[in-house]
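Asker: Predicted structure and sequence below. I'll ask about it afterward.
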Protein chains: 2
Amino acid sequence: MFASSPAVHPVEAPPPTDPVEQPRGVRMKDLPGMPGTLGGLGLRLAQFVFAGIALSVMASTDDFPSVTSFCFLVAAAILQCMWCFSLAILDIYALLVKRCLRNRWAVCLFSVGDGITAALTFSAACASSGITVLIDNDLDICSENHCASFESATAMAFLSWFALSPSFLLNFWSMASG
Amino acid sequence: MFASSPAVHPVEAPPPTDPVEQPRGVRMKDLPGMPGTLGGLGLRLAQFVFAGIALSVMASTDDFPSVTSFCFLVAAAILQCMWCFSLAILDIYALLVKRCLRNRWAVCLFSVGDGITAALTFSAACASSGITVLIDNDLDICSENHCASFESATAMAFLSWFALSPSFLLNFWSMASG
């Protein structure tokens, strides 16, 4: 930075690597929960299951289309199901053929996708919980509505977001540090 | 990279550092928007102003305490105002005495604080927008409610979150890469 003249310094020799086994760009630390690991697959499956339960519980009520936030929750849950299912398939493939998924562009794509899905699911869950609390606590009209279904769908959407955020943070972390 | 034995490599000579001027841990790149820069101060002021407008508009309506989500929005806006005001003061101090704020622990603290505040503001804004859309579009009872105030307070909370997320992402990025 503020160099006045170049100099030579002894540096550690890197280990003798085989270029076939360690392709360029795959130098990130292997943390559990990252794509292509068993922890990552578990997180994806948890996200998929929670989003699926939220979707089916909300869609099983007959009056959800009358409230925009509940429709938004259904749409977000469908998107999250699709995203998590694709990435779970990718994780299973990576585990089966023992292939590393952590190259720069894949991590970037996963990170952006996770960020968008997480933001959508979280906003849908928050909007639904706002409505649910209004119906249940403020107006006290639970007898005319499917409060239990709305509340469990919202809780499942929150759990799905909760399982998605470690994936997002780990991917963002390895994008920044890689 | 593929050397088999220790070797010498020419590198740039490190700058003659004064340990008082460049303490350990201050090696992160200076991106606009990070704490201690003019961009960072601008972001903090924008967050503070938007959260302040959201708070005052929502608090100016007389019936906001009857809806839990609107109370949550007021609480989140108060918290965000306090957080952004403190960090704006810190930024002004850092700019005045030309001190670098990016050591490891400060960035970690800023990142966690930004993350918590951003999540709270975003969830409050989403819950309020769920209620607002319900009142305005689904039930169509805007004539009995302060729809305009509710909607503008929600929009301001979203804008405040929008100004907060670059701060969070930049801090998280420099925490991961530092």
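Answerer: That came through fine. Keep in mind the model is a prediction, meaning the values are calculated, not measured. Numbering: from 1, shown residues only, chains lettered A, B, ... in the order given.

Asker: need the helices for chain A, in chain order.
Answerer: Listed in chain order, the helices of chain A (DSSP state H) span residues A:38-60, A:68-96, A:104-133, A:147-177.

Asker: any chance of those in a markdown table, with mean neighbour count too?
Answerer: The way it works is simple: take the backbone N, C-alpha and C, and place the C-beta from them, glycine included. Output for these, formatted as a markdown table (neighbours: other Cβ atoms under 10 Å in any protein chain shown):
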| stretch | mean neighbour count |
| --- | --- |
| helix A:38-60 | 20 |
| helix A:68-96 | 19 |
| helix A:104-133 | 22 |
| helix A:147-177 | 21 |
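
Asker: right, so of those, which gets closest to residue B:144?
Answerer: Closest of these to residue B:144 is helix A:104-133, at 18.0 Å (criterion: Cβ to Cβ).

Asker: Could you check how far the closest residue to residue A:123 other than its chain neighbours is from residue A:75?
Answerer: Of all residues not flanking residue A:123 in the chain, residue B:126 sits nearest, at 4.3 Å (Cβ to Cβ, 6 or more residues apart in numbering or on different chains). Shown here: residue B:126 relative to residue A:75, a distance of 14 Å by Cβ to Cβ, to the nearest Å.

Asker: Residue A:162 too?
Answerer: Distance, residue A:162 to residue A:75, using Cβ to Cβ: 20 Å.

Asker: got it, and residue A:60?
Answerer: For residue A:60, the distance to residue A:75 - Cβ to Cβ - is 16 Å.

Asker: Next: residue A:157.
Answerer: For residue A:157, the distance to residue A:75 equals 11 Å [Cβ to Cβ].

Asker: Overlap of the contact sets of these two?
Answerer: residue A:124 (Cβ atoms under 8 Å, 6 or more residues apart in numbering or on different chains).

Asker: Could you pull up the residues touching residue A:48?
Answerer: Here residue A:48 is in contact with A:80, A:81, A:84, A:85, A:88 (criterion: Cβ under 8 Å, 6+ apart).

Asker: okay, those residues in CSV with pLDDT next?
Answerer: Converted to CSV, the contacts of residue A:48 look like this (pLDDT from 0 to 100):
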residue, pLDDT
A:80, 93
A:81, 93
A:84, 93
A:85, 93
A:88, 92
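
Asker: nearest spatial neighbour of residue A:110, skipping sequence neighbours?
Answerer: Here the residue nearest residue A:110, using Cβ to Cβ, 6+ apart, is residue A:171, at 4.8 Å.

Asker: contacting residues around the one you found?
Answerer: Residue A:171 touches A:34, A:35, A:107, A:110, A:111, A:114, counting by Cβ under 8 Å, 6+ apart.

Asker: One more pass at 6 Å, please.
Answerer: Contact analysis of residue A:171 by Cβ atoms under 6 Å, 6 or more residues apart in numbering or on different chains lists A:107, A:110, A:111, A:114.

Asker: Tell me which of the helices of chain A sits nearest to residue B:142.
Answerer: Closest of the helices of chain A to residue B:142 is helix A:68-96, at 14.5 Å (criterion: Cβ to Cβ).

Asker: From the contact counts, what lies against that closest one?
Answerer: Contacts defined by 3 or more Cβ pairs under 6 Å, 6 or more residues apart in numbering or on different chains; DSSP states H and E place helix A:68-96 against helix A:38-60, helix A:104-133.

Asker: will you turn those into TSV that also has mean pLDDT?
Answerer: Shown next, in TSV, are those (pLDDT from 0 to 100):
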stretch	mean pLDDT
helix A:38-60	91
helix A:104-133	90
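
Asker: is it possible to export these to JSON lines including distance to residue B:139?
Answerer: Conversion of these to JSON lines gives the following (distance: least, Cβ to Cβ, whole Å):
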{"stretch": "helix A:38-60", "distance to residue B:139": "19"}
{"stretch": "helix A:104-133", "distance to residue B:139": "11"}
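
Asker: Those: which one's closest to residue A:94?
Answerer: Once the helices and strands packed on helix A:68-96 are compared by Cβ to Cβ, helix A:38-60 is nearest, at 8.7 Å.

Asker: okay, the angle between that closest one and helix A:104-133?
Answerer: 40 degrees (axes from the mean of the first three to the mean of the last three Cα atoms, to 10 degrees).

Asker: Just want the angle from helix A:38-60 to helix A:147-177.
Answerer: In terms of direction (the same axes, to 10 degrees), helix A:38-60 departs from helix A:147-177 by 150 degrees.

Asker: follow-up on the earlier one: taking the contacts of residue A:171, tell me the two that lie furthest apart.
Answerer: Checking the contacts of residue A:171 with Cβ to Cβ, the most distant pair is A:107 and A:114, at 10.3 Å.
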